[in-house]
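**Q** here is a sequence together with a model predicted from it:
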Amino acid sequence: MMSKLRGKFLLVMVVCIIATWTVLPAFAAEKMLEVAPGVLRHETLILENPTGRCENPDNFNRWAPGMTTYSTGLQQLALDTLWYIDPDAGISTPWDNSLAATKPIYNKDFTKMTAKLRRGIYWSDGVEFTADDLVYTVETCMAHPGVLAYGANFEVFVDKVYKTDDYTVVFELKKPNSRFHGLFTVRWSACFIMPKHIFEKVEDPVAFNFNPPVSLGPYVLKDYDKAGNWFLWERREDWQRTSLARYGMPQPKYALYINPGPSDKRVMAQIKHDLDVIHDIAPEGMITLAKKNPTSKGWFKGFPWAHPDPTLPALILNNERYPLNIKDVRWALTLLIDIVDVSLASYKGAATISAIAVPPTGGYLSWYFDSMEEWLGDFTLDIDIDGKPFHPYDPSATLRIAERARKDLGDIGSQVPTDPAEIKKALGYGWWKHAPDVAEKLLLRNGFTRDKAGKWLLPDGTPWKITIAVEGPARPIMTRGGTMIAEQWRKFGIDAKPVVIKLLWQSMSYGDGDAFMAWCIETWGGHPDLFWFLESWHSDYYKPSGEPVVFKNPMRFKNAELDTIIEGIQGLDFNDPKCLELGLEYVKVCVEEMPLIPLMSYNVFTVCDEYYWEGFPTFENPYTNPVPNWANSKYMFTMIRPKTVE
Amino acid sequence: MGILKVENLKAYYMTDVYGTKRTVRAIDGISVEIKENEIFGIAGESSCGKTTFMKVLSGAVKPPLTVVGGKVLYNFGNGSLDILSLQKDELRKIRWKSISCILQGSMSVLNPVRKIYKTFRDFVEAHQKIEKKGDFMRQMRDHLGKLGLPREVLKAYPHHLSGGMKQRVTIALATIFKPSVIIADEPTTALDVIVQRGVLQLLKEIQKEQKNTIILVTHDMAVHANIADRIAIMYAGRIVEEAKAGDILENSLHPYTQHLIDSLPMIGDKSHRVSIPGVPPNLANPPSGCRFHPRCSSVMGICREEVPPLIEVGDRHKVACFLVSKESGDGK
Amino acid sequence: MISTIKNLYEHDRRFRFAFIVIIGIIIFSSLSFFSPYDPDSSYDVPSDQSPSIKYFFGTSSRGQDIFWKMTFAIRNSLLFGISTALLSRIISILVGLTAGYKGGIGDRILMSINDSFIVIPILPLLILFNFIFQEKMSLFLLSLIMACLGWAWDARLIRSQVLSLKEREFTRTAVYSGMKSLPITLKEHLPFVMPIVFATMINNMLWSMGLEVSLAVLGLSDINTPTIGTTIYWANQHQALVAGVWWWIAAPIAISTLLFIGLYLLFASLNQYIDPRTRLLRMGG
Amino acid sequence: MKHGFFFRYCLQRVGQCLLVIFIGITITFIIPRLAPTDPVESAIATANMSGQYTHPEAVAEIRRALTELYGLEGGIFEQYFNFWKRLLKADLGPSYSSFPTPVMDLIRRSLPWTVGLLLTSAFIAWAIGNLIGGLAGYFSQRGWARTLGVFCMAIRPTPYYIMAFVILALFAYILPIFPLSGGLAIGVHFSFTWRFITSLLKHAFLPSLSLVIVSGGAWFLGMNSLVSNIVSEDYVVYAEMGGVSNRNILFRYVMRNALLPQVTGLALQLGMIFNGALITEYVFSYPGLGYLTYNAVFSGDYGLIIGIAIFSIIGVALAILIIDLAYPLFDPRIRHR
C-alpha cells in the first residue's frame, strides 16, 4: 500500500514537472508581432511613460488637480497650445508657433498681449478650433483658481480676455508682464487649450474626467489599461487638420505609452525590442544597453549617451542656516568637492557638469559657457595661496572624468570621446578645483578650528554638523551624488551625513535642513531667457526659513545686485538680446556668492532602439528633445521612419 | 496446547537521545501459556511492563521498542503462528478477525473528527468488502444493540459520548468480528465505579457469548477478582506468580502478590490498608537478582544474587521466589 | 550550558551545522573591527571587480571591497536583530507571565490584545512609521518600533508554558507556603520559561532581520548604515544585476541566507531539545 | 442549548475581529500625529518639481485653496472622532498625489489584484505545503521526505524579498520565460477569453510562485511536525492495530486531525502572508496594493499610505474572521456541541 502511494506521488510529481516545462516555453515563444489585437508591432512606437503606473487612469482632464495621465501621450499627442520652445535646436528653430500663427504681440508697456491663431485646425470630433476655445480655457481656469492648472496665474494677471475675431485673442493685463506668453509656451508643459464644446456641457469642469479625451493633436486615444499600465493612441484620419501637419505625417500609426517597471526591467525590455523609447534609466543600465544591444541609441553617439535636460541639479544650500550664511563657508564646501568622484558616483562619469548656475545644454553652451570661459579663468577668490590670488576654476576637470570613465568602462571605454572639444560639449566645460588646503584657510580665517581628532568645530567650539538631504530610491542618481559629497566632506573632518527624505521638496520649501540635492534652476534650453526661474529669486518674493518658499528660491538668497538684474530683464522683451547680457551678470553674481553649488545638468538616459524605427533626435541631429514625457517630443513622430518595412 | 504461548520473551526500549543511550528492559524473559475460552488477568503496578507486554502480544512493536528474544505463538486452530515474524499483510489479516485489542486510554482511541459509524466502517472495510451500506448499518446497529448501546451512537462524534459510552463503543469495535483473542489493556481505569462494573459485566457477557479468550491487563486487583479466571502477577518486566484467580486471591505465595492482595479493599474491612514500601524499580537499571528484593520484607542473601526461576508449585500455580523454591526444593 | 552545547553539537547534525555557520558568521562580522576601510567610504578600491583572491567577494560599483563592507553589514544586521529580539522579549515575558499567572479576565483581555497584535499586518504600519519619521528613523528606533509590534506571538508561547507550569507540584507548594504571586512567577517560573524565551528570541531575530531587508530594499530604512538590506538597496541603486555586477547582490544574499538558515536550524534544534517529551528521554525519566 | 456554544464561539470571533480593527486603526491614527507632515506643501512641492511654470503670486493662491480643500482642521480628539466617522462611511479621504481622487477609488482599483494573488497563492501554498508536509511527516523515514525537509528548512527563514528577487532573476532575466512585470499583457482587458486567462496566469505565475514557495515551506514544516506527533496519538495507533488501510489512516486520521491547527494557523499567518504579498508585488511590479504602496511612498502621498494601512488591517481582520467562522466546518467539536 505504502509503495503504491509513493509510486503515485512520484508519478504526479513527474507529470507536474513535465507539464510545467512543456507549457511554459509555449507561453514564452509567443513572438510579439502584434502589440494588441490588430495593432501591428512595426506600425507602433512604444514609449515609456515615466509616471509609471497611473493610479487614476480614467481621468484625462489635464487641467484638474491630481490627474496623473499627462505623460501617457495626452500632452504629447492629443493636446496643443500656442507656442513651443524646444530645449535643443528645434525642428526649424527652437521657437515654434504651434496653435498660434505668430509670436506673441505685446504693447509697449507689456500690459496687453495679442495672440493670432492658426486657421484650419480641428478637434478630433470635427469641431473647428477657434479663439472661443482659448478664451473659454482662460475664463474657466480663472473661475477655479488654484484648482484648475494656471487658474491662479491668470487670476493674478488677466484683467480681461476677449476675442476680436475667431482667430485673434486679446489679453488685457492687470500689471505689466513681459513674459505672460510663457503660460502658453511649452517647455515641459504649459496651459493647454480646452475644447469649449465639450467642457461647456459639463457641470463641474474640475470633477469632469474628459474621458475619452477629444484631441487637438494628431493622435486619438484608442484603448487604455484600467490598471493604468498602458495607453494606446492611434493616428487621426484627419491628422492633416492639426498643427503638427506642417512637418508631414506622423509616421507611427500607433503610439503606445507603457509603464515598463523599474530601470532594470526597462533595460531588459529594450534588449527584447519591446520598448522603443526609454525615458530614463540608471547609468549602469545605459552601459549594459551599450554593451548588449547595438540598436540602442542615446543622445550622444557614445559616452555619455544621455540627453542633458535644461535643468541644473545642484547642492542647494540654505543660505539662512549658520554657518552656510557665510560666503567663505559656501566656497570652502565647494572646494571640498571633487567633481570627478561625484560624477563617477552619480552618473558613472556620464554627466555634463557645470561650474556656473545655468544648465550646460542646448544653446546655453554658446550663449553662456563660451562667453564665461575667459572670465572664469581669470576669476580669483580673495585669498592668497603662496602669495598669489587663488584661481578656483579648473578647465581640466572634464578631461579627468573622461579618463577615469574610459578606464572604468573597460571594453566599451573606447566610446568615451578623446578630443577635448568633443569632451567639452558632452561632459561639460570645467569645474572648481578640489582644494582642501584652500578650504581649510577659508574656514580658519572665519574662526573655525579642528579638534584633536581632526574634526572641524564651529567658531564657538561646538562640532560642525551638516546634513545633505537626498530623495533616496526615488532619485538614485542624486542620492548617489549627495552621498558622495557627504563622504568627501566627512573625509575632510566635517560631520556630514546624507539623509533620505521622501518629502525632500517639501522640507526644502520650508528650509528644513542644511543642504539639498535637488534643482531650482530650469531654463528653456532653446532660448537664453532666464526669467522663467529667476523671477522668484527677487527679494520681493523672499520667504524666511519656516515659511514655504515661493517657487524657485529655496536657498533664501537675497542680493541687491541680483534684484537689479531681475528688474532689468523684466523690463525687456523676451527676445531682446540684452536679456543675455543681464543673464551673464547673474551668472557672475552666483559665482561670487555661491548661493548654491552647481553640479551638472539633469542627464536623462533617454535611449531609443533603432530596431523598428530610426531617425530619432541625437546630438548630431538635434531637431527636438527625445525625452518622451516632454510635450515637445511630438516633433519626433514626424521625423522618425520605419526601419524594416514588411 | 493453549491458544497463546509466550516463550522467554524479551522486549526492550532502546533510545539514543543526544548521546544518552538507554535500554529499558520492559519485558525481560516472560513465558506464559493461555488457554482458550478463559479470561486471563495480568496484574501489577504501573510501569511494570504490562502495557508493553500487551503491545508485543498484539504485534504492535515499533521503535524504540525492540523484541530482543523469544516467541509469541498463537494457535487459531491451524498450527502455531509467531506473531513477531509475520509480514505486515499477514498481520493485518489476523488482526481484528482473530486478535483484537481494547487499548489503555480508550477515551482517546476514537478519531475525534470522525463519526462513530465511519470509524466502524474503516475497521470493517480493512477486512471485508462492504457490499451494501444499508446492510452494514443494520449489522452495526444490531451489534451495538446487543451491547446495550442506542443506535444514535453511530451517527455521533466521540465528543458527544460519555466515558462509559466510549468504552462500550470501543468494546463493540473490538468485537465486531468475534475474535478469538481480545487483549484489553486497562479497560476500566478512567471510569467511575458504577460504570466500571457495567463495562466488566459487558466483557463477561461477550466472553460467554462469543467464547473468546480475553487477556485483561489492569493494576486493579479488584477488577481481576471480579472477572479473571487466571491471574498472572507482573513485577519489573517479569511474571512473579501465575495461578487460578482463586489461588492467587486466597493462597498467594509471592510476597509481592501478598502485598497486592493486602491493598485490595474488602467490604466491611475497616483496617488500615498498607501500601507496599518503596518504589517500583527503574527498568533502565534494574536491581540484581530478584527484582523485588529491595522492597521485600523476607529478603535473603540469594535474592540479591540470583534470579529466582518461575516454578510450578501446584495445580498450574507458578511462582518465582526463593522462599517458595527453597521450600519445595527442600521438599524434593 | 557548555555541556548542553557540547551535547547538542555531538548529537544533532542540524545544531552542528547551525553552530558552525553562526560562529563563522560571528567571526566574519567581528572582522569588521579590523577593516582597512571605513564603512562609509567609497572609491577605496577599483570598482566592479569580480571576486578574486585580492577581493574575495569582488568590489562594488561604488568602489568598495564587498568583503569588508559585508563584515559591517552582517554586524549591524545581527545587532539590529538582537536588540529587537531583546526589547520585544521584555514585553513578551511581561505579558506572557502576567497572563499565564493571573488567569481569569485579566488573561482573557491580555490575550485578546495579544492576538490582535499577532494578526495585524505589520508592514503597512512600518511603512507608515518610516514615512512619517523620515530621516529621524535610525536603525535603533526601527528596532524599538519593531519590538513594540513583534512581541505577541512569543508572549502566547510563554503564557502557555506558564499555564503548564502552574499545574505542577512546586507551584502549589509555593502557594500553600504563602509565597506572593510575583516571587513565585520570578523565582519558580522564570527559570523554566527561559529556554523557551531563548528559542523564541532566535525566531524573532529571523523575523526582524527579514523585515529589515524588505524595508531597506524599499529605501525605508537608514540607508547610511550598512546592513544586509541596505547593501542590497545600494546594489539595486546601481542596477548591479543588469550591469552584470552580480556579486554585489550575491554576497549579501548568500551570506544572509546562510545566516538565516543557521539561525533557523538553531531554533529548530533548541526547540526540540526543550520539548518536554525530548527532555524526558534526555534526562532518563 | 445545542447551538449555544457555537453561537458563543462566533460572537467571540467577531469580537476579536473588531478588537483587531480597533487597535490597528488607532495605531494608524496615532503614527502620523507623532511627526506630522504637511500634505498641502507636499502637493505644491510636487507640482513645483515637475517643471510646470507657476507665477510666484499664484503659489500663495494655490496654497490657500488646497488647505481649504484638504480640510485639516480641528483638535486631536475631534480629528480622531472624525477619522472614525469617515471610516464608517467607507471614506478614507482624498489621495494627495492624485487629488481629489478618493483613496478608496485607488484602493478599489488595486484590490482585486492583491486579493486574487494573495488568496490563490495562500490557498495553493497551504494546500500543497500541508499535503506534502503531511506525506513527508507520515513517511518520515523516506529519502524524499528528508530531502524535502532539508529544502524547506533552507526556504523557510528566507525573507520574502530575497525569494521573490531570486525567482525574478532566474525566470525572467537569466531564463526569460516569464514577463518581468505587470499584471496583464498590453491590450488585454478583463474578459473571459483564452487570451485574458493565459495573460493573467502568465503574469501571476512568478509572483505567486515566490509566495507559494516561502509560505508553502513554512506549512510543510508545520505539518511535518504536527503529523509526527499525531502518528503516536491513540486513535492512530488503534486504527493501525485494526488494520485500517494506510491511505485511510494517513488522510482521515492523521492529516485530517493535523489540519485543524493548520486552519487556525492560516488565520494567524494571514497578516504575515499579506506583508509578503506587498513585497512580492513591488518586486514583480504587480498592479496591486503593494505596488500602490510603493508609489504612494515615493509620491509622498501619506493620505494614501494611511488608507492602505487601514484597509489592510480591516481586510486581514475580516479574512481571519471568515477563516475562524469556517473553522467549525473542519472541527465537529465546535460545530456540534
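**A** Perfect, I can see it now.
**Q** just give me the neighbour total for whichever residue of the stretch 51-200 of chain D sits closest to chain A.
**A** For the stretch 51-200 of chain D, the residue closest to chain A is D:G187, as judged by Cβ to the nearest Cβ, at 2.3 Å. All C-beta atoms are positioned from the backbone trio N, CA, C, and that covers glycine. D:G187 is flanked by 19 other residues according to other Cβ atoms under 10 Å in any protein chain shown.
**Q** which bits of the stretch 201-337 of chain D sit near chain C?
**A** Within the stretch 201-337 of chain D, the residues that sit near chain C (Cβ under 8 Å from any Cβ of the partner chain) are D:267-268, D:270-272, D:274-275, D:278-279, D:282, D:293-294, D:297, D:302, D:305-306, D:308-309, D:312-313, D:316-317, D:320.
**Q** which of those residues fall in helices?
**A** The members of those that map onto helices under DSSP state H are D:267-268, D:270-272, D:274-275, D:278-279, D:282, D:293-294, D:297, D:302, D:305-306, D:308-309, D:312-313, D:316-317, D:320.
**Q** show me the helices in the stretch 351-500 of chain A, by range?
**A** A:364, A:371-378, A:397-409, A:420-427, A:436-444, A:476-491 (DSSP state H, counting those that start in this stretch).
**Q** A:W456 pairs with what?
**A** A:R450 (DSSP bridges).
**Q** how about it, what does it touch?
**A** Going by Cβ atoms under 8 Å, 6 or more residues apart in numbering or on different chains, A:W456 touches A:443, A:448-450, A:463-464, A:492-495.
**Q** next one: D:D105
**A** A:N56.
**Q** try A:R404
**A** Contact partners of A:R404, counting by Cβ under 8 Å, 6+ apart, are A:340, A:344, A:349.
**Q** tell me the SS of the first one?
**A** Here A:V340 is helix, with the state taken from DSSP: H, G, I helix; E, B strand; the rest coil.
**Q** just confirm the residue of the stretch 51-200 of chain D closest to chain A is within a helix.
**A** No. Per three-state DSSP, D:G187 lies outside any helix segment and is coil.
**Q** setting aside sequence neighbours, what's the nearest residue to it?
**A** Excluding the flanking residues, the one nearest D:G187 by Cβ to Cβ, 6 or more residues apart in numbering or on different chains is A:A36, at 2.3 Å.
**Q** hmm, A:L232 and the one you found touching each other?
**A** Yes. In this structure, A:A36 is within contact of A:L232 by Cβ atoms under 8 Å, at 6.4 Å.
**Q** these two: which is more packed in?
**A** A side-by-side neighbour count of A:A36 and A:L232, using other Cβ under 10 Å, places A:L232 first with 24 against 19.
**Q** can I assume the more buried one sits in a helix?
**A** No. Looking at A:L232 with three-state DSSP, it is strand, so not inside a helix.
**Q** per-residue confidence for it?
**A** Listed pLDDT for A:L232 reads 95.
**Q** which strand residues bridge it?
**A** With beta bridges defined as DSSP bridges, A:L232 has these partners: A:D223, A:L256.
**Q** what sits against it?
**A** By Cβ under 8 Å, 6+ apart, A:L232 lies in contact with A:35-36, A:39, A:221-224, A:254-256, D:186-187.
**Q** make JSON lines from the residues you listed and add distance to D:T114 and pLDDT to it.
**A** Shown next, in JSON lines, are the contacts of A:L232 (distance: Cβ to Cβ, whole Å; pLDDT from 0 to 100):
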{"residue": "A:V35", "distance to D:T114": "27", "pLDDT": "82"}
{"residue": "A:A36", "distance to D:T114": "25", "pLDDT": "82"}
{"residue": "A:V39", "distance to D:T114": "29", "pLDDT": "89"}
{"residue": "A:L221", "distance to D:T114": "28", "pLDDT": "96"}
{"residue": "A:K222", "distance to D:T114": "29", "pLDDT": "94"}
{"residue": "A:D223", "distance to D:T114": "24", "pLDDT": "93"}
{"residue": "A:Y224", "distance to D:T114": "21", "pLDDT": "93"}
{"residue": "A:Y254", "distance to D:T114": "31", "pLDDT": "95"}
{"residue": "A:A255", "distance to D:T114": "31", "pLDDT": "96"}
{"residue": "A:L256", "distance to D:T114": "26", "pLDDT": "95"}
{"residue": "D:I186", "distance to D:T114": "21", "pLDDT": "77"}
{"residue": "D:G187", "distance to D:T114": "23", "pLDDT": "76"}
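**Q** for the buried ones among the residues you listed, write the corresponding ChimeraX selection.
**A** To isolate the buried subset of the contacts of A:L232 in ChimeraX, counting by 16 or more other Cβ atoms under 10 Å in any protein chain shown, use the following:
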select /A:35,36,39,221,222,223,224,254,255,256 /D:186,187
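**Q** which stretches of chain C form helices?
**A** Going by DSSP H, chain C shows helices at C:2-11, C:13-30, C:66-102, C:104-119, C:122-133, C:139-149, C:152-166, C:169-176, C:181-183, C:190-217, C:228-237, C:246-274, C:276-283.
**Q** buried residues in the longest one, which are they?
**A** For helix C:66-102, the neighbour count (16+ other Cβ under 10 Å) marks C:66-85, C:87-89, C:91-93, C:95-101 as buried.
**Q** what's the span of stretch B:213-221, first residue to last?
**A** Stretch B:213-221 has its terminal residues 19 Å apart, counting by Cα to Cα, to the nearest Å.
**Q** that one near chain D anywhere?
**A** No. Stretch B:213-221 is not in contact with chain D by Cβ under 8 Å from any Cβ; minimum separation 14.1 Å.
**Q** so what's the residue nearest to the spatial centre of chain D scoring on pLDDT?
**A** With distances taken as Cα atoms, centre = their mean, D:F274 lies nearest the centre of chain D, 2.2 Å away. You'll see D:F274 listed with a pLDDT of 85.
**Q** contact partners for it?
**A** Counting by Cβ under 8 Å, 6+ apart, D:F274 touches C:121, C:123, D:118, D:312, D:315-316.
**Q** one more: B:E33?
**A** B:E33 sits next to B:1-2, B:4-6 when contact means Cβ under 8 Å, 6+ apart.
**Q** who's it bridged to?
**A** On the basis of DSSP bridges, B:E33 is bridged to B:K5.
**Q** sorry, back to before: and the helices of chain C as CSV, adding mean pLDDT and distance to chain A?
**A** Formatted as CSV, those follow (pLDDT from 0 to 100; distance: least, Cβ to the nearest Cβ, whole Å):
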stretch, mean pLDDT, distance to chain A
helix C:2-11, 78, 29
helix C:13-30, 91, 23
helix C:66-102, 91, 14
helix C:104-119, 87, 27
helix C:122-133, 83, 6
helix C:139-149, 90, 13
helix C:152-166, 83, 29
helix C:169-176, 57, 44
helix C:181-183, 65, 45
helix C:190-217, 85, 9
helix C:228-237, 88, 5
helix C:246-274, 86, 11
helix C:276-283, 60, 26
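**Q** among these, which is the most enclosed?
**A** Stretch with highest mean neighbour count among the helices of chain C: helix C:228-237 (a mean of 26; mean count of other Cβ atoms under 10 Å in any protein chain shown).
**Q** and that one, what does it pack onto?
**A** Helix C:228-237 sits against helix A:476-491, helix C:66-102, helix C:190-217, helix C:246-274, with contacts defined as 3 or more Cβ pairs under 8 Å, 6 or more residues apart in numbering or on different chains; DSSP states H and E.
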